[in-house]
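Visitor: sequence first, then the predicted structure, then my questions.
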Amino acid sequence: MIIYVKVKPNSKKQKIEMVSSEEYTVSLKNLAENNKANLELIRLLEKYFNKKIKIIKGLKNKKKIIEVI
């Protein structure tokens, strides 16, 4: 399954909001430096979907394409 995620780093709370069945907005506590936000995003989405997560596109962008395996 492919989903589209808009990331909001440096937020006060971690939060996943479903915009549509394929689009999500994710708030992360970590800053977007040294890959910290991406690692937090992967952990959070793996917990949410209970499946493995792979970032396909957008490693250095706020808009990401993610594969849920």
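Guide: Nice, thanks for sending it over. Numbers count the residues shown, from 1 in each chain.
Visitor: and the residue lying closest to Gly58 once chain neighbours are set aside, its phi and psi?
Guide: Spatially, and ignoring its direct neighbours in sequence, Gly58 is nearest to Lys64 (3.5 Å; C-beta to C-beta, 6 or more residues apart in numbering). All C-beta spots, glycine's among them, are computed from the backbone N, C-alpha and C. Phi and psi for Lys64, reported as degrees, to the nearest 10, are phi -130, psi 150.
Visitor: thought Lys8 was touching Lys64, still the case?
Guide: No: Lys64 sits out of contact with Lys8 when judged by C-beta atoms under 8 Å, with a separation of 11.9 Å.
Visitor: for those two, work out which one has more neighbours and name it.
Guide: Lys64 (20 against 14; other C-beta atoms under 10 Å).
Visitor: now do the SS call for the nearest residue to Ile2 once chain neighbours are set aside.
Guide: Computed as C-beta to C-beta, 6+ apart, the closest residue to Ile2 that is not its neighbour in sequence is Glu67, at 5.8 Å. On the three-state scheme (DSSP: H, G, I helix; E, B strand; the rest coil), Glu67 is labelled strand.
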